[in-house]
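Q: Next one to model:
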Amino acid sequence: MQHTITTLYCLCDDLLKAMEHHDDQQSRLSSSEIMTIALVSAIYFGGNFEKSRLFLHEHGYIPTLLSRSRFNRRLHALPTTCWETLFSLLAQCFKESNSSADYVIDSIPIPVCDNIRINRCRLVKEKMYRGYCASKRRYFYGFKIHLLITGKGQPVEFVLTPGSTSDTSALKLLPLELSPGSTIHGDRAYNDYQEEDLLRECADITLQPQRKKNSKRPLPLWKEFLSKTIRQRVETCFSLLTNMFPKHIHAVTKNGFVLKLICFLIALAIKCL
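A: All right, here's what the predicted structure looks like:
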């Protein structure tokens, strides 16, 4: 744990210095310490900022203790680019070490509340957040994490969407900054011939989803077998991610809920180093 906390602080501090992010002279706690508290909470305390804050203070990692409200204001004041850039740097390391050029894409539902409590939900109100999870055969109300990982299970790209967003629509939102000759494996939900042709022609990227029985472009059996083996690794990755979740992700606002999800995804990338 000590090495992980030290590594997190060094990563955040070096990143903010490279981005030329400057704190106010009267700040009692640096922005790198704020980011460290949030990431430590995602890795060890199920996203509970208060437990992480008290733990790091009591064990001498962070000598200055801010109040809970002051810490939350400082945390939400950080630009979103800080979190996105940190994840991108980790993802770039995974992409460069991925010699096989195989990637897997899939989505996982993140419910905000149970269906029976939709009318009382305060985080999100729109109908677009009500989606259907085919693998679990149930409806949910919340977000979807669309995650692209390497063949070794390392996260490289993600996008958060409302629950009703289809997988093919979310695929178009991903930057897909992959090397030419890469192959993206997916399940049946990613069957889109037009998108396949576009990726192949413009970026030399092969989109290889699991084919339906009536597909116009059937795959050979050996390709289907290899693709199925690679796709199973995303389930392991999702298990690692959900194991860090608490029973209920506590948040007061939608931005706070999204911020916690991003911290969990960065924590997953940290664990894959």
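Q: next helix or strand past the helix or strand hosting residue 73?
A: Here residue 73 sits within helix 68-77, counting by DSSP states H and E. Once the chain leaves helix 68-77, the next helix or strand it forms, by DSSP H and E, is helix 80-96.
Q: That following helix: how far from the chain's middle?
A: With Cα atoms, centre = their mean, to the nearest Å as the basis, helix 80-96 stands 11 Å off its chain's centre.
Q: Can you show me the strands along this structure?
A: According to DSSP state E, the chain carries its strands in the segments 102-113, 130-133, 138-150, 155-162, 183-186, 206-209.
Q: which residues of the chain score low on pLDDT?
A: Scanning the chain for pLDDT under 70 picks out nothing.
Q: Which parts of it are helices?
A: Per DSSP state H, the chain carries helices over the ranges 2-18, 31-44, 49-58, 68-77, 80-96, 167-171, 193-203, 221-243, 254-271.
Q: Run through who's touching the fifth one.
A: Helix 80-96 is contacted from outside by 11-12, 15-16, 19, 21, 31, 35, 150, 152, 154-158, 177-179, 259, 262-263, 265-266, 269-270, 272-273, using Cβ atoms under 8 Å, 6 or more residues apart in numbering. For glycine as for every other residue, the C-beta is placed from the backbone atoms N, C-alpha and C.
Q: wait, what's in contact with residue 200?
A: Applying Cβ under 8 Å, 6+ apart, we find residue 200 in contact with 206-207.
Q: how close does the closest residue to residue 63 other than its chain neighbours get to residue 219?
A: Nearest non-adjacent residue to residue 63, counting by Cβ to Cβ, 6 or more residues apart in numbering: residue 57, 7.3 Å away. Residue 57 sits 55 Å away from residue 219, taking Cβ to Cβ, to the nearest Å as the criterion.
Q: With residue 117 instead?
A: The spacing between residue 117 and residue 219, counted by Cβ to Cβ, is 42 Å.
Q: Compare the two (neighbour count), which wins?
A: residue 219 (15 against 10; other Cβ atoms under 10 Å).
Q: Quick check, residue 78 in contact with residue 34.
A: Yes - the pair residue 78 / residue 34 is scored as a contact, 6.6 Å apart, by Cβ atoms under 8 Å.
Q: Please identify which of these two sits among more neighbours.
A: With neighbours defined as other Cβ under 10 Å, residue 78 and residue 34 compare such that residue 34 has more, 26 against 16.
Q: wait, doesn't that one sit right on residue 70?
A: No - with contact defined as Cβ under 8 Å, residue 34 and residue 70 do not form a contacting pair (10.3 Å).
Q: Need the CA coordinates for stretch 46-53. CSV is fine.
A: C-alpha atoms of stretch 46-53 as CSV (Å, rounded to 0.1, in the frame of the first residue of the first chain):
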residue,chain,number,x,y,z
GLY,A,46,-14.7,1.8,-2.2
GLY,A,47,-14.8,5.4,-3.3
ASN,A,48,-15.3,6.8,0.3
PHE,A,49,-13.4,10.1,0.3
GLU,A,50,-13.8,10.6,4.0
LYS,A,51,-12.2,7.3,5.0
SER,A,52,-9.3,7.9,2.5
ARG,A,53,-8.8,11.4,3.8
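Q: Could you check how far it is from the centre of its chain?
A: Remark: stretch 46-53 is offset 19 Å from the chain centroid, using Cα atoms, centre = their mean.
Q: Pull the residues that contact it.
A: The contact list for stretch 46-53 (Cβ under 8 Å, 6+ apart) reads 37-38, 40-41, 44-45, 62, 65-66, 68, 71-72, 75, 244-246, 249-250, 260, 263-264.
Q: This completes my enquiry, with thanks.
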